[in-house]
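Return a 3D structure for these sequence lines:
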Amino acid sequence: MNYIYSRKIIFSLSIIILIAALLRITFLSEVPGGFNCDEALNGYEAYSILETSRDRYGKLLPLFTRAFNSYRPTLYIFAAIPSVKIFGLNEFGVRFPSAFFGVLTVWMVFLIVKHVFSPKWALISAFMLAINPWHIHFSRSAYEASLLPFLFCLGYWLFLKSFKKPTYLIFSAIFFSMSLNTYHAARVFVPLFLMGLIIIYKKHIIDNFKQSIAAFIAFNTIFIPIFKFWISPQGMARASQVGIETSLSKIIINYISFFNPKYLFWDGFEDLSLNPVGIGCFYYFEFVTIGLCALFLAKRGNKNQKTLLFWLFLYPIPAALVDTVNPLRTLAGAPIFAILSGCGVAIIKNYLEAILNRSAFKLACIFLVSFMMSGFTYFFTHYYTNYPPEALFSWKYGLREAIQYAENHSYSCVIMSSDRNSNCYAIHDFISHVPFYTQYPPEKYQRSPISPLVGDSQANIYSLGKYSLASIENQTKLNERCLYIIRPDELITLDSKGYAWKEVYAIEDNRNITYFKLVEIYDLS
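Next up is the predicted model:
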């Protein structure tokens, strides 16, 4: 590669990285609107470890934390510690690692495609991931799964580099094993992919026996402690919660659903916390580019290129063992689709360049780029303007405002209702948002941690400082000295119990939809 050519590639990649950063970091605290219980929990765990070296349950530098009784991996929590230290315990500080590693994943895609195809094709694939709706969305939310694509891509790229320098096998093994501690789905996806690499590239592994043994040792140094936890009762808790499908026919049906064009390109997923409704994981035109590249690789690809199809084949398996389409559980698939789409665009470009004269080729490129950008413009407009207000309830909008109001006023007692139910149970909201927004001292929480069990929260009253979680419906006598944080439809419960109430603050969006009412109560009897 000559110097001028290299400068052009570096400049183009820098622009793509900048675009990826702007799409992932701009308005990070506001889009998505609100802050759900998983994000708040990850943030407070990071704050607790930062302050005390222990999670909220008192475990010293844990590989896994109890969370909502799902015992989630802690790699994202540790990644959030520096940003919480720098930016503070707030939405931006907790979401920043996801955005940061999302941008780095774009770079990783460039490096992989550059190695497997060419620098020009690599630029197109990196750009496709930079503007990908699926990847943008999860790069803007503090889910632990957001680290999986980056670490997996890094491990895979280092493996590809090992053909020139076998020592890279060791580093590849380290990052592959680290990716296992990002998200539950990695337990299935990463080992299956590694077994495939060993079979496909067995000659390379045998020829570099010393480096392979060192890589095996490095991998297991990280993997064995993780695996020991996986097979423990706590490690199996998440599988028990979601349920593992045992019917082969049902697993196959689930698997096929992840390749449904309606899900991938048109409607997306119905859960507003995981996907804007009416926005697919990819743009309409990518139905052609992804399919074209997949066919090209199947017919004409070399071993490295066909391994990409193995990645595509494996991506739905962990989620298919549980349910049908879910973009969070299959996030490791986002880079491979972007790679295929970028290569499909490059194939079309090369074909048009070969059959058209220069002027016609330029016109064709202008038309194709305009068509592609129209899809991006629609997504950009919808995601950053329409989606935030549409999804406020799913993202737990209003809890920050309610808690901040209570903190800024001289109430000695604040009660949150445990009667309501949503995508986060009331107990989960309470043990995540209250300590997060009040910056409750972690050492105090560790001395008296609150059970996250949903069943217990229906009958018990939990307290955290001046805040309590209680069932208004089940209480025979309500405390008139307290501020009550309730949903609007719960006012009827106060009326039925013979209490008058005075609204002191209502949390509404710009469409005048009310999410919480903060009220004082008076006994009329």
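
So which bits of stretch 37-53 are buried?
Residues 37-52 are the ones in stretch 37-53 that count as buried (16 or more other CB atoms under 10 Å). Heads up, the C-betas are built off the backbone N, CA and C, glycines and all.

Please read the previous query as pertaining to stretch 233-242.
Result for stretch 233-242 [16+ other CB under 10 Å]: buried residues 235, 237-238.

Repeat that for stretch 186-195.
186-190, 193-194.

Closest one to residue 398 out of those, please.
residue 186 (33.1 Å; CB to CB).

Name all residues that make contact with the closest one.
Neighbouring residues of residue 186 by CB atoms under 8 Å, 6 or more residues apart in numbering: 148, 152, 179-180, 318, 332.

Just the buried subset of those, written out for ChimeraX, thanks.
Applying 16+ other CB under 10 Å to the contacts of residue 186 leaves a buried subset, and the ChimeraX line that selects it is:
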select :148,152,179,180,318,332
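
Please convert the contacts of residue 186 to CSV, extending it with secondary structure and distance to residue 428.
Listed next are those as CSV, based on DSSP: H, G, I helix; E, B strand; the rest coil; distance: CB to CB, whole Å:
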residue, secondary structure, distance to residue 428
148, helix, 23
152, helix, 29
179, helix, 26
180, coil, 25
318, helix, 23
332, helix, 26
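
Now intersect the buried residues of stretch 37-53 with the helices, please.
Of the buried residues of stretch 37-53, the ones assigned to helices by DSSP state H are 37-52.

Looking at those residues, spot the one nearest residue 65.
Of all these, residue 65 sits closest to residue 45, with 5.6 Å by CB to CB.

if I pick the residue nearest to the closest one when sequence neighbours are not counted, what's in contact with it?
In this structure, residue 45 finds its nearest non-sequential neighbour in residue 77, 4.6 Å apart by CB to CB, 6 or more residues apart in numbering. Each residue near residue 77 by CB under 8 Å, 6+ apart is listed here: 42, 45-46, 49, 55, 65, 144.

Quick check: residue 77 vs residue 41, distance?
Between residue 77 and residue 41 the distance is 9 Å, computed by CB to CB, to the nearest Å.

Could you do residue 387 as well?
23 Å.

How is residue 501 assigned, secondary-structure-wise?
Of the three states, residue 501 takes strand under DSSP: H, G, I helix; E, B strand; the rest coil.

coming back round to it: which one of the contacts of residue 77 is nearest residue 488?
Set against residue 488, the nearest of the contacts of residue 77 by CB to CB is residue 42 (29.1 Å).

Quick one: low-confidence residue ranges for the stretch 201-350 of the chain.
Applying pLDDT under 70 to the stretch 201-350 of the chain flags no residue at all.

for it, what spans make up the helices?
In the stretch 201-350 of the chain, the helices defined using DSSP state H, counting those that start in this stretch lie at 202-207, 209-230, 237-242, 248-257, 261, 286-300, 303-314, 317-320, 334-355.

Output these in a markdown table, with distance to residue 407 appended to each entry.
A markdown table is the format used below for the helices of the stretch 201-350 of the chain (distance: least, CB to CB, whole Å):
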| stretch | distance to residue 407 |
| --- | --- |
| helix 202-207 | 58 |
| helix 209-230 | 37 |
| helix 237-242 | 33 |
| helix 248-257 | 45 |
| helix 261 | 48 |
| helix 286-300 | 46 |
| helix 303-314 | 47 |
| helix 317-320 | 40 |
| helix 334-355 | 38 |
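
Can you check which of the ones you listed gets nearest to residue 437?
Nearest of these to residue 437, taken as CB to CB: helix 237-242 at 26.3 Å.

Which residue comes closest to residue 83 once chain neighbours are left out?
Leaving aside its sequence neighbours, residue 83 sits nearest to residue 96 (CB to CB, 6+ apart; 4.2 Å).

Have a look at the chain and report its longest helix.
For the chain, the helix with the greatest residue count under DSSP H is helix 91-116.

Give me the distance from that helix to the chain's centre.
Averaging C-alpha positions (CA atoms, centre = their mean, to the nearest Å) puts helix 91-116 12 Å from its chain's average.

Over to stretch 372-382?
On CA atoms, centre = their mean, the centre of stretch 372-382 falls 22 Å from the chain's centre.

Could you pull out the buried residues of that stretch?
By neighbour count on 16+ other CB under 10 Å, the buried set for stretch 372-382 is 372, 375, 379, 382.

For the helix or strand hosting residue 494, buried residues please.
Assigned by DSSP states H and E, residue 494 belongs to helix 491-496. Neighbour counts using 16+ other CB under 10 Å place 491, 493-494 of helix 491-496 among the buried residues.

any chance of those residues in a markdown table, plus distance to residue 15 and pLDDT?
As requested, the buried residues of helix 491-496 are exported to a markdown table (distance: CB to CB, whole Å; pLDDT from 0 to 100):
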| residue | distance to residue 15 | pLDDT |
| --- | --- | --- |
| 491 | 53 | 91 |
| 493 | 56 | 90 |
| 494 | 57 | 90 |
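
thinking again about what came up before, out of the contacts of residue 186, the closest to residue 32 would be?
For the contacts of residue 186, the nearest to residue 32 is residue 148 (19.5 Å; CB to CB).

That closest one reaches residue 182, doesn't it?
Yes. Residue 148 lies in contact with residue 182 (CB atoms under 8 Å); the separation is 4.3 Å.

Which elements pack onto the helix holding residue 494?
For helix 491-496, the packing partners by 3 or more CB pairs under 8 Å, 6 or more residues apart in numbering; DSSP states H and E come out as strand 514-523.

Each with direction, which strands does the strand it packs on pair with?
Take DSSP bridges as the rule and strand 514-523 pairs in its sheet with strand 483-486 (antiparallel), strand 499-508 (antiparallel).

Tell me where the stretch 301-450 of the chain has strands.
414-417 (DSSP state E, counting those that start in this stretch).

which regions of the stretch 351-500 of the chain sit below the pLDDT cut-off?
Ranges of the stretch 351-500 of the chain meeting pLDDT under 70: 420-424, 455-459.

Show me the helices in it, by range?
Counting by DSSP H, counting those that start in this stretch, one finds helices in the stretch 351-500 of the chain at the ranges 358-381, 387-390, 399-407, 426-438, 442-447, 454-457, 491-496.

so of those, which one's packed in deepest?
A comparison of the helices of the stretch 351-500 of the chain by mean neighbour count, using mean count of other CB atoms under 10 Å, puts helix 426-438 on top with a mean of 24.

and it, what other elements does it pack with?
Helix 426-438 packs on helix 37-52, helix 399-407, strand 414-417, helix 454-457, strand 462-464, strand 467-470, going by 3+ CB pairs under 8 Å, 6+ apart.

Skipping its backbone neighbours, what lies nearest residue 405 in space?
Once flanking residues are discounted, residue 405 sits nearest to residue 505: 5.2 Å by CB to CB, 6+ apart.

Per-residue pLDDT of that neighbour, please?
On pLDDT, residue 505 comes in at 96.

neighbours around residue 161, how many?
Neighbourhood size, residue 161 [other CB atoms under 10 Å]: 17.

how far away is it from residue 183?
Relative to residue 183, residue 161 is positioned 25 Å away (CB to CB).

What of residue 171?
Distance, residue 171 to residue 183, by CB to CB: 21 Å.

Between those two, tell me which one has more neighbours.
Legend: neighbour count by other CB under 10 Å for residue 171 and residue 183, higher for residue 183 (25 against 19).

list the contacts for the closest residue to that one other than its chain neighbours?
The shortest distance from residue 183 to any non-neighbouring residue, by CB to CB, 6+ apart, is to residue 145 (3.9 Å). The contact partners of residue 145, by CB under 8 Å, 6+ apart, come to 138, 182-183, 185, 328-329, 331.

try it again with 7 Å
If you count contacts by CB atoms under 7 Å, 6 or more residues apart in numbering, residue 145 has them with 138, 182-183, 328, 331.

Any figure for the gap between it and residue 233?
23 Å.
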